[in-house]
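>>> Predicted model and sequence below, questions to follow.
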Amino acid sequence: MITRPHYMDILKTYRDVPLVKILAGVRRCGKSTILEMLRNDLIESGIAADHIINVCYTSEDFSDDLTDKNMYQSIKASMNDNERYYLLLDEVQEITYWEKAINSLLENANTDIYITGSNSKLMSSEISTYLTGRYILIPIFTLSFAEYLDFKKGNGDSPGKLLNSYIRMGGFPIVALNHFDEHSAYQIVEGIYNSVITNDITRRHNIVNFDLFNRVVRYIIENVGKTFSANAIVKFLKNEGRSLSVEAVYNYLEWLEQAFVIYRCQRFDLQGKSVLKTQEKFYLADPSLKYCILGFHPQSIAAMLENIVYFELRRKGYHVYIGKNDTKEIDFVAIQRNERIYVQVCRNLPEESDREVANLMEIKDHYPKYVVTLDELAAGNINGVKIIHLTDFLLKKEY
């Protein structure tokens with residue numbers, strides 16, 4: 001098993017802290033495997049195997065009518081003494097009112113609890129009621145490029161070739177662990193996508209007109225990294241002879257976010273120092289989700305580079321925004337506590353250097369400023385703005 005040390009370090013930090021650890025992310029991003037890694041680490045640290053209770057609630061062993069009460073009683077029945085038990089509970093959102101059972105286990109037993117889920121029903125109002133102040137959300141993403149290199153270690157490919165594969169085929173662990181060609185990789189990712197759309201969205205929200213919903217999703221995927229407008233989608237559909245309200249578009253977006261298919265990136269006004277409620281963008285949980293639906297095209301790479309950089313910043317713990325500096329746009333303003341960095345992303349620097357660097361130089365502070373590019377010869381420093389290849393940016397431990 002190839003470990004993912006970034007997540008293991010986080011889980012070790014919160015081990016035995018009286019909080020429910022919630023691991024949430026898109027289907028097949030590796031949450032279940034991280035729980036397995038955690039189990040192995042617990043045993044290696046001296047925890048007895050019979051004090052680790054590992055349950056997957058997507059198993060065929062469970063009936064559809066399993067309740068929170070059954071869940072609680074089943075787990076309690078496995079606890080034979082007053083020593084601490086470690087509960088590793090996978091895909092708990094399949095259980096109605098699971099949060100009530102978790103709350104009872106937190107209050108009435110000596111437990112350290114870790115749960116996973118693939119939709120943000122995990123973060124619903126019920127959690128606020130039962131687990132207020134007693135949980136921590138740990139976002140789980142598909143593989144970073146550093147993790148991808150670990151998964152591909154020993155296959156003899158150069159970092160440059162692996163970066164190309166990472167950009168084109170994404171970071172779902174099941175794809176990275178095997179030697180699929182592009183077509184096969186996209187078939188696998190399309191299966192993941194269809195599972196999410198069917199199980200986490202269409203059924204959950206009783207979508208009747210699936211064709212219309214699918215057309216909206218396709219439009220969103222086509223326009224990843226572009227400023228979003230619900231009115232533009234409505235107008236686009238009207239031109240196709242279809243009718244949909246702005247409210248319905250926003251509902252679809254919310255459901256896609258809840259299934260961790262897309263992530264919202266809001267706009268930050270650098271002069272007013274405030275988050276704006278308009279002109280946001282959306283990014284896909286993994287680039288391969290776009291290519292499996294629309295096919296790979298070289299012209300789409302620029303938007304996907306932004307997508308990759310956005311998630312790398314998220315993995316490193318930054319709150320990430322689009323920057324608005326008067327009339328100029330900064331691709332990303334990444335803020336972590338009292339630190340921040342500014343990032344522009346472009347495919348080829350020579351054609352775009354003046355604009356990319358000039359936009360950053362107009363920001364009158366001393367936080368680090370980067371232009372991230374695929375240009376092999378562009379690394380350097382222009383008036384304090386660091387020009388860095390995408391590979392080096394993705395593998396950099398600190399900015």
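Now that the structure is in, tell me what you want to look at.

>>> quick one: the closest residue to Gly160 other than its chain neighbours and Tyr250, what's the gap?
Computed as C-beta to C-beta, 6 or more residues apart in numbering, the closest residue to Gly160 that is not its neighbour in sequence is Thr391, at 7.3 Å. Placement of C-beta: from N, CA and C, glycine included. To Tyr250, Thr391 is 38 Å away according to C-beta to C-beta, to the nearest Å.

>>> more crowded one of the two?
Remark: of Thr391 and Tyr250, Thr391 carries more neighbours, 18 against 12, as counted by other C-beta atoms under 10 Å.

>>> ok, now how distant is the residue nearest to the spatial centre of the chain from Gln299?
Nearest to the mean C-alpha position of the chain, counting by C-alpha atoms, centre = their mean, stands Phe141 at 3.9 Å. Taking C-beta to C-beta as the measure, Phe141 and Gln299 are separated by 25 Å.

>>> same deal with Met8?
Taking C-beta to C-beta as the measure, Met8 and Gln299 are separated by 38 Å.

>>> check which helix or strand covers Ala232.
Ala232 is located in helix 230-239, with elements delineated by DSSP states H and E.

>>> Could you pull up the mean pLDDT of the helix or strand following that helix?
Per DSSP H and E, the first helix or strand lying C-terminal to helix 230-239 is helix 246-258. In this model, helix 246-258 has a mean pLDDT of 93.

>>> Report the angle between helix 246-258 and helix 230-239.
Angle between the axes of helix 246-258 and helix 230-239 is 110 degrees (criterion: axes from the mean of the first three to the mean of the last three C-alpha atoms, to 10 degrees).

>>> Within the sheet, what are the partner strands of the helix or strand just after helix 246-258, with directions?
Following the chain from helix 246-258 toward its C-terminal end, the next helix or strand by DSSP H and E is strand 262-269. Looking at strand 262-269 with DSSP bridges, its paired strands and their directions are strand 274-284 (antiparallel), strand 319-325 (parallel).

>>> Any buried residues in strand 262-269, and which?
Counting neighbours by 16 or more other C-beta atoms under 10 Å, one finds that the buried residues in strand 262-269 are 262-263, 265, 267-268.

>>> in the protein, which ranges drop under the pLDDT threshold?
Regions of the chain meeting the criterion pLDDT under 70 cover residues 59-64, 120-128, 350-353.

>>> So the residue of it most remote from its centre versus Asp112, what's the distance?
In the chain, counting by C-alpha atoms, centre = their mean, Asp81 sits farthest out from the average C-alpha position, at 38.2 Å. Here the criterion is C-beta to C-beta. By it, Asp81 lies 15 Å from Asp112.
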